[in-house]
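In: Curious how this folds, go ahead:
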Amino acid sequence: MKTKFFIPLACLLFFTQCATSSKSDFDNFPEGYTPKEVGKLVSKRFISTKHMFHNKNGKDGIHYAEVCTWYGALKYATVTKDNELFKQLQNKFEPLFTTEADYRPLMYHVDLNMFGCLPLEFYQITNDKRYLDMGMPYADTQWQVPDSATAKEKEWAEKGFSWQTRLWIDDMFMITIIQSQAYKSTGKREYIDRAAREMVMYLDELQRPNGLFFHAPDVPFFWGRGNGWMAVGMTELLRYLPKDNKDRPRILEGYLLMMKSLKEYQLPGGMWNQLIDDPECWPETSGTAMFTYAMITGVKSGWLDKKEYSPVVHKAWMALVPYINKEGDVTEVCVGTNKKNDKQYYYDRRRIAGDYHGQAPVLWCCFALME
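Out: Numbers count the residues shown, from 1 in each chain. Got it, this is the predicted structure:
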């Protein structure tokens with residue numbers, strides 16, 4: 001059964017309030033740089049592209065980077081009230097209930113389970129229970145230890161953490177986004193509370209005194225997109241984490257320390273490098289877009305000082321948009337990257353155009369600027 005797209009009453013009131021209020025600090029962009037224009041271009045590009053899979057045969061399902069892009073386009077469609085775009089996104093998703101059901105990711109890895117955030121976002125918009133039923137098992141199985149779990153995975157679970165824990169900074173978006181969405185969809189605190197506890201453990205293990213994060217305990221490099229995952233993971237948690245959660249102050253502390261460091265490492269032109277603290281490395285778009293999103297949200301939420309960080313955001317956005325070509329592909333995106341204790345490995349990563357790792361955070365920036 002197909003459902004109709006509708007805007008909840010709360011959203012309509014929000015849009016009305018925005019229409020009658022003065023312009024925000026992030027509305028002053030020239031033609032071609034406005035988030036509405038950029039979001040439309042990148043969303044349109046997504047509609048026309050094929051699925052990206054975790055492996056060549058598609059066995060493990062749709063790649064998390066595609067999920068992140070889909071999620072961004074969906075949020076953009078909602079904030080712009082673009083019903084036509086929403087319908088296109090919904091139609092693209094519909095086969096996952098039927099003919100493309102095999103493309104739904106399996107539930108045995110942190111990168112795969114995050115898929116559930118997408119049907120849960122559709123559920124929150126449409127109230128169609130099919131999406132809820134598809135999404136919730138991805139949140140639940142992230143804490144349900146399978147018989148096939150290794151001794152190390154079982155050890156994490158015994159400590160109260162996800163058995164999918166591996167102490168890669170990427171995880172702090174993959175875990176937090178699905179658990180936050182489960183909380184938003186059900187109202188059950190257990191989902192977001194356990195994600196917050198997990199985040200604090202990652203902060204304690206991986207954040208350095210300068211506010212940035214090693215890729216992993218045995219990889220002492222400040223990789224751009226990896227730090228980006230950490231930045232947006234903290235951002236998503238802080239957006240929805242109840243004020244009385246005991247871990248909130250620690251997460252906010254880690255977030256603020258990171259944002260302060262990022263402000264200092266921003267290049268004069270507005271970008272951030274593939275290795276954040278290495279001035280000889282190359283400017284990279286996906287990490288830059290993630291940091292920009294985290295700062296936009298921080299300013300709008302009141303966590304960051306507006307006068308101090310608005311210019312940082314404006315400079316980053318103005319630097320980022322020229323990396324998007326006329327087809328709607330974000331260029332200079334670092335390809336998918338595993339961890340490796342070798343600095344040259346991060347220098348030598350291929351840079352490509354149109355990779356979902358870059359498309360997604362640009363869309364996040366667009367909807368965040370317009371919210």
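In: pLDDT at Gly269, what is it?
Out: We have a pLDDT of 97 for Gly269.
In: what about it, which helix or strand?
Out: Using DSSP states H and E, Gly269 sits in no helix or strand.
In: same thing with Arg194?
Out: With elements taken from DSSP H and E, the one containing Arg194 is helix 189-206.
In: now the angle from the following helix or strand past that helix to helix 189-206?
Out: Reading on from helix 189-206 to the C-terminus, the next helix or strand found by DSSP H and E is helix 224-240. Note on geometry: by axes from the mean of the first three to the mean of the last three Cα atoms, to 10 degrees, helix 224-240 and helix 189-206 are set 140 degrees apart in direction.
In: show me what contacts Arg208?
Out: Listed by Cβ atoms under 8 Å, 6 or more residues apart in numbering, the contact partners of Arg208 are Phe214, Phe222. C-betas here are computed from N, CA, C, even on glycine.
In: Show the contacting residues for Met201.
Out: Contacts of Met201 by Cβ under 8 Å, 6+ apart are Phe161, Thr165.
In: Distance-wise, check it relative to Phe26.
Out: Distance check for Met201 against Phe26: by Cβ to Cβ, to the nearest Å, it reads 33 Å.
In: Same check on Pro311?
Out: 11 Å.
In: And the two? Which one has more around it.
Out: Neighbours were tallied for Pro311 and for Phe26 using other Cβ atoms under 10 Å; the higher tally belongs to Phe26 (20 against 12).
In: Secondary structure element for the more buried one, which one?
Out: Using DSSP H and E, no helix or strand contains Phe26.
In: is it true that it touches Ile296?
Out: Yes: counting by Cβ atoms under 8 Å, Phe26 touches Ile296, with 6.7 Å between them.
In: who touches both of those two?
Out: Val313, Leu369.
In: Reduced to three states, what does the nearest residue to Val321 once chain neighbours are set aside come out as?
Out: Distances taken as Cβ to Cβ, 6 or more residues apart in numbering place Tyr33 nearest to Val321, at 5.0 Å, with adjacent residues excluded. Counting by DSSP: H, G, I helix; E, B strand; the rest coil, the backbone at Tyr33 sits in coil.
In: list the contacts for Tyr33?
Out: Tyr33 makes contact with Trp317, Met318, Val321 under the criterion Cβ under 8 Å, 6+ apart.
In: go on, Asn245?
Out: Asn245 neighbours (Cβ under 8 Å, 6+ apart): Ile192, Asp193, Ala196.
In: Excluding covalently adjacent residues, which one is nearest to the last one?
Out: It stands for Ala196. Asp247 (4.1 Å).
In: What score does that neighbour have for pLDDT?
Out: Here, the pLDDT recorded for Asp247 equals 98.
In: cool, and the one 10 residues further on?
Out: Looking at Leu257, its pLDDT is 98.
In: quick check, it in a helix?
Out: Yes: assigned with three-state DSSP, Leu257 falls within a helix.
In: Grab the nearest non-local neighbour of it.
Out: What sits nearest to Leu257 in space, not counting adjacent residues and going by Cβ to Cβ, 6+ apart, is Gly211, at 3.9 Å.
In: could you show me where the strands are in the protein, in order?
Out: 333-334, 351-352 (DSSP state E).
In: quick one: low-confidence ranges for the stretch 201-350 of the chain?
Out: For the stretch 201-350 of the chain, no stretch is flagged by pLDDT under 70.
In: ok, which stretches of the stretch 51-200 of the chain are helices?
Out: With DSSP state H, counting those that start in this stretch as the criterion, the stretch 51-200 of the chain has helices at 64-79, 83-93, 110-113, 117-126, 129-140, 151-158, 171-186, 189-206.
In: Packing partners of the fifth one?
Out: Read that as helix 129-140. If you count contacts as 3 or more Cβ pairs under 8 Å, 6 or more residues apart in numbering; DSSP states H and E, helix 129-140 packs onto helix 117-126, helix 171-186.
In: For that helix, could you pull out the residues that count as buried?
Out: Neighbour counts over helix 129-140 (16 or more other Cβ atoms under 10 Å) mark Tyr131, Leu132, Met134, Gly135, Met136, Tyr138, Ala139 as buried.
In: Check which residues of stretch 70-84 are buried.
Out: For stretch 70-84, by 16+ other Cβ under 10 Å, it's Trp70, Tyr71, Gly72, Ala73, Leu74, Lys75, Tyr76, Ala77, Thr78, Val79, Thr80, Asp82.
In: what do you get for stretch 235-249?
Out: Across stretch 235-249, burial judged by 16+ other Cβ under 10 Å covers Thr235, Glu236, Leu237, Leu238, Leu241, Asn245, Asp247, Arg248.
In: ok, now how distant is Met172 from Gln142?
Out: Distance from Met172 to Gln142, counting by Cβ to Cβ: 13 Å.
In: do Asp170 as well
Out: From Asp170 across to Gln142, the span is 14 Å (Cβ to Cβ).
In: count of neighbours near the residue nearest to Leu257?
Out: Other residues near Gly211 come to 20 when the count uses other Cβ under 10 Å.
In: for Phe291, what are its contacts?
Out: Taking Cβ under 8 Å, 6+ apart, we find Phe291 in contact with Asn227, Gly228, Ala231, Leu262, Trp272, Ala316.
In: would a markdown table of the residues you listed with distance to Pro220 be doable?
Out: Listed next are the contacts of Phe291 as a markdown table, based on distance: Cβ to Cβ, whole Å:
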| residue | distance to Pro220 |
| --- | --- |
| Asn227 | 13 |
| Gly228 | 18 |
| Ala231 | 19 |
| Leu262 | 18 |
| Trp272 | 18 |
| Ala316 | 26 |
